[in-house]
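J.: when you get a sec, could you give me coordinates for this:
(2 chains)
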Amino acid sequence: MRRFRAVLLAVGLAAVATAHIGSPDVLFDGAAGAYPVRVVVRPPNVVPGLAEVVVRTTATDVQRIVIQPVFWRTGVAGAPRGDEMSRVAGQSGTFTGQLWLMARGSSSVYVTVHGGRGEGQVIVPVNSFATGRLDLSPGLTAMLVVLGLLLVAGLVTIVRAAVGESLVPPGATLEPAKRRRANVIAVAAVPVLAVILFGGAKWWNAVDADYRRSLFRAPAVDPSLDADGRTLRLAIHDTSQFRAIFSPVAPDHGKMMHLFLVRSPSMDAFAHLHPVQLDSLVFQTNVPDLPAGDYRLFGDIMLENGTSLTVSNVVRFGQASHSAPSDSDDAWTASVAAVPARANAVAPMGHGYRLAWTGGDGALPSNTPLDLRFIVVDSAGNPARLEPYLGMAAHAVVLRDDGSVFIHLHPMGTVATTAQQIYKARDRGDTTTGGRLRPDVFSDSSMTSMSFNGALTFPYEFPKSGRYRIWVQAKPTHEVLTGAFDVEVR
Amino acid sequence: MNPTRLRIFVLFAVASAAVFVRLGVWQLHRRGERRAQNAVIVARQQDTERDVRGLSLTDTTALRFRRVRVLGVPDYDHELILAARSHNGAPGVNLLTPVRVAGRDTAVLVNRGWVYAPDGATIDEKRFRESDTAFVGYAEDYPSATGGSYASKPSVLARLGADVAARALPYPIARFYVVALGDSAGAADRPARLTVPPLDEGPHLSYAIQWFAFAAIALAGAAFVVKQARDAPRGPTVGRGASAGSGASG
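T.: Residues are numbered from 1 along each chain as shown, chains lettered A, B, ... in the order given. Have a look, this model is predicted:
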């Protein structure tokens, strides 16, 4: 047996906002009671701020839709009344509305559909974090400068009048000596006003600095490999004054962390692992049989308050003797043959199964809600039956080639079912005496007895143009198989 | 009293008595629960002292009131102050010190005790730093999930809660905290340790007696009113008989 060596390379990646990198919009595809709905929430980048909500439904008997912002700490009992959405003229079944997200932290949008079949509701979890500042436009800046100068000039004029013309009776002429005195005092008022303005600017900058310090920044992860490179240890920590991780990590799909490894820059090796939790924010997994190289790692964690977070870094694996998987649901492939996404394109998954791209030719549009459609087919070309993988028909991972966009998708969209369950449990009052959710809330609701047909749809909105790779993981056999496509987004 | 009104009154009194009896029984149940909880607490207090390094710092279900030892490095730079705590009638604060435990990423918050503060919030924490690195006490649940701090001073807590404490510290903390025990007299440079809460039965028995007394009063009162109504002399009858009597006397 060869001696193996592993070298770690830790490189900070771009900040992330939630359980994604660079892809802040939230998409949900599912049902609100009896009504099929697709919900798109575009959260603001400042808090308090306005979130844009769009709901589309194919149901023809929908009368009205109400959206309500529910913050984790308050629950429904402390939430404001919902707002009725407006129908979009000329767009059948499309409703739009805006909601104020007033506080930072875990939040959600409750979408209630009223129609001929009664009332149906769905919860769409949304992370409410301040991630940026609103800059003044050059035009507004110029206008404010001009108005400010006018105000200062007006104030100097008032000072001059107060010590000059205002002291003589109406119609009388100001004596030259008094006029000179008024002019001198007006000139002396200018530096006084300048000092006041300077103090105001200092105060303004101090407030701005405080705000910048409290902006959300992604928690970081420090990866380390043991001496023989067989075990990967991940330590997570917050990186800003605003603490994102103040609630315990909760299982999502029965796993404390979903870790994705992608060999960089070739993106030809891929792994979806489930590290075990060693301590509050320390996780560990066995390194699977992957080729040596630098790997981008993305760790999805869910907090007990419904917040979803992604941490990322880069780790270098050497040639190591690899041990058994830490978790029975771990899946990886050492060599992914990605296929350009064109009409009728088919990507191999292994064991005779293939993944067919059922989208069209050409580049996909960015900033537009899309359905990424695939079919898993068997060796005879027939749609395969799929066993559930971690409670879902399939999982997809979207990664931009420069690593600036990453997201873990399900057929229901970008939201996590566990976060929905957490909010439902919060409303029911399924909490301990200290307010914590009871552990049974997090029981894995995997649909182990169900099976799915091979047609898969992942709703997603690409946030910007570029080259992306999409990995789709499904279980047409007892084994998790992976297929991949490269897509161009304009 | 009008017979209909009397019947309604009696029904109301009996219903009230039934409710009062039920509330009294409920208080007796509460007393039983309190006794059972006290028995658990006594058993846990008498149990062997445990080192927090060997405990789950997230699952606190079987931990409350157990005697524990926290061995680690107190992080006085991130000490929290729990405001408005009184001690023998004097205003003051409790000092909550995170203790970093070796080999864990998770700190344990230790309530080191009470110190005098005239305004119930402001003290010179540096005066009360201790050289000890071991604290013995009992584990306690956070009283609430959220808690609250003062906007101008995030390290001063108005209400203790798991979230507010976790937000104030740059590392994870255990889902319980430890109340350090020891010398409760205090000193100029050392906080007065808190004591184990009294394991009494609470006011439930007296509350139960009160509810039963209310029931008895309702029933006795109703019986009294009924008796009075029956014993009351009938008033002059109106109608034919009265007219005849009137005619006889005239």
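J.: quick one, phi/psi of residue 225?
T.: If you meant another chain, say so; for now it's chain A. With angles defined as degrees, to the nearest 10, A:Leu225 sits at phi -110, psi 150.
J.: that's the wrong chain, I meant chain B
T.: The phi/psi pair for B:Val225 (degrees, to the nearest 10) is phi -60, psi -40.
J.: leaving out sequence neighbours, find the closest residue to it.
T.: Distances taken as Cβ to Cβ, 6 or more residues apart in numbering or on different chains put B:Phe9 closest to B:Val225, at 6.4 Å, once the chain neighbours are dropped. Where C-beta positions appear, they are placed from N, C-alpha and C, glycine not excepted.
J.: so which residues of the chain form helices?
T.: Chain wasn't specified; assuming chain A. For chain A, helices defined by DSSP state H occupy the ranges A:138-163, A:176-213, A:417-428.
J.: switch to chain B, that's the one I care about
T.: B:3-46, B:162-168, B:204-231, B:240-249.
J.: highest mean neighbour count out of those helices?
T.: helix B:162-168 (a mean of 22; mean count of other Cβ atoms under 10 Å in any protein chain shown).
J.: so it, near chain A or not?
T.: Yes - residues of helix B:162-168 are located near chain A by Cβ under 8 Å from any Cβ of the partner chain, namely B:Ala162, B:Asp163, B:Ala166, B:Arg167.
J.: avg pLDDT for that helix?
T.: For helix B:162-168, mean pLDDT is 89.
J.: how about residues contacting it?
T.: A:73, A:243, A:246-247, A:434-436, B:78, B:80, B:96, B:109, B:142, B:144-149, B:154-155, B:157, B:172-173, B:175, B:177 (Cβ atoms under 8 Å, 6 or more residues apart in numbering or on different chains).
J.: likewise for stretch B:219-229?
T.: Contacts for stretch B:219-229 (Cβ under 8 Å, 6+ apart): B:Met1, B:Leu6, B:Phe9, B:Val10, B:Ala13, B:Val14, B:Ala17.
J.: ok, those residues vs chain A, which is closest?
T.: B:Ala17 (32.5 Å; Cβ to the nearest Cβ).
J.: ok so, going back, chain B: which of the helices of chain A is closest?
T.: Judging the helices of chain A by Cβ to the nearest Cβ, what sits closest to chain B is helix A:417-428, at 10.2 Å.
J.: now that closest one: buried residues?
T.: For helix A:417-428, the neighbour count (16 or more other Cβ atoms under 10 Å in any protein chain shown) marks A:Thr417, A:Thr418, A:Ala419, A:Gln420, A:Gln421, A:Ile422, A:Tyr423, A:Ala425, A:Arg426 as buried.
J.: stretch B:122-136 now?
T.: Within stretch B:122-136, the residues scored as buried using 16+ other Cβ under 10 Å are B:Ile123, B:Glu125, B:Phe128, B:Phe135, B:Val136.
J.: try stretch A:341-351
T.: Judged by neighbour count using 16+ other Cβ under 10 Å, the buried positions of stretch A:341-351 are A:Ala341, A:Ala345, A:Ala347, A:Pro348, A:Met349.
J.: which among those gets closest to chain B?
T.: Of all the buried residues of stretch A:341-351, chain B sits closest to A:Met349, with 38.5 Å by Cβ to the nearest Cβ.
J.: rewinding a little: distance of the residue nearest to B:Val225 relative to A:Gly360?
T.: 82 Å (Cβ to Cβ, to the nearest Å).
J.: in JSON lines: the buried residues of stretch B:122-136, plus pLDDT and distance to chain A.
T.: Shown next, in JSON lines, are those (pLDDT from 0 to 100; distance: Cβ to the nearest Cβ, whole Å):
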{"residue": "B:Ile123", "pLDDT": "93", "distance to chain A": "24"}
{"residue": "B:Glu125", "pLDDT": "90", "distance to chain A": "21"}
{"residue": "B:Phe128", "pLDDT": "93", "distance to chain A": "26"}
{"residue": "B:Phe135", "pLDDT": "94", "distance to chain A": "20"}
{"residue": "B:Val136", "pLDDT": "94", "distance to chain A": "23"}
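J.: point out where chain A drops to low pLDDT.
T.: A:1-19, A:320-322, A:430-451 (pLDDT under 70).
J.: go ahead and confirm A:Phe28 touches A:Gly413.
T.: Yes - between A:Phe28 and A:Gly413 a contact is recorded at 4.5 Å, counting by Cβ atoms under 8 Å.
J.: tell me, what's touching the two both at once?
T.: Each of A:Arg38, A:Pro459 lies in contact with both A:Phe28 and A:Gly413 under the rule Cβ under 8 Å, 6+ apart.
J.: quick one: least confident helix or strand in chain B?
T.: Every helix and strand in chain B was compared by mean pLDDT, DSSP states H and E; the lowest is helix B:240-249, with a mean of 42.
J.: for A:Val111, list the residues it contacts.
T.: A:Ala32, A:Val37, A:Val39, A:Val53, A:Val55, A:Ile65, A:Val66, A:Ile67, A:Gln121, A:Val122, A:Ile123, A:Val124.
J.: can you rerun that using 10 Å?
T.: A:Val111 makes contact with A:28, A:32, A:35, A:37, A:39, A:41, A:53, A:55, A:57, A:65-68, A:82, A:85, A:95, A:97, A:120-124, according to Cβ atoms under 10 Å, 6 or more residues apart in numbering or on different chains.
J.: now A:Arg213
T.: A:Ser240, A:Gln241, A:Phe242.
J.: quick check: closest non-adjacent residue to the first one.
T.: Read that as A:Ser240. Using Cβ to Cβ, 6+ apart, the nearest residue to A:Ser240 is A:Arg217, at 3.9 Å.
J.: any idea how many residues pack against that neighbour?
T.: 18 (other Cβ atoms under 10 Å in any protein chain shown).
J.: repeat for A:Leu149
T.: Neighbour number of A:Leu149 under other Cβ under 10 Å is 10.
J.: same thing with the one 4 residues further on?
T.: Applying the criterion other Cβ under 10 Å, we find 11 residues in the vicinity of A:Ala153.
J.: and B:Ala84, by the same measure?
T.: Counted with other Cβ under 10 Å, B:Ala84 comes out at 16.
J.: for chain A, see how far away it is.
T.: Distance, B:Ala84 to chain A, by Cβ to the nearest Cβ, to the nearest Å: 21 Å.
J.: what's the answer for B:Asp51, then?
T.: Distance from B:Asp51 to chain A, by Cβ to the nearest Cβ: 16 Å.
J.: ok, for that residue, nearest residue in space, not its chain neighbours?
T.: B:Arg69 (5.2 Å).
J.: separation between the one you found and B:Asn111?
T.: Separation of B:Arg69 from B:Asn111 (Cβ to Cβ) stands at 15 Å.
J.: the more surrounded of those two?
T.: Using other Cβ under 10 Å as the criterion, B:Arg69 and B:Asn111 rank with B:Asn111 on top: 23 against 14.
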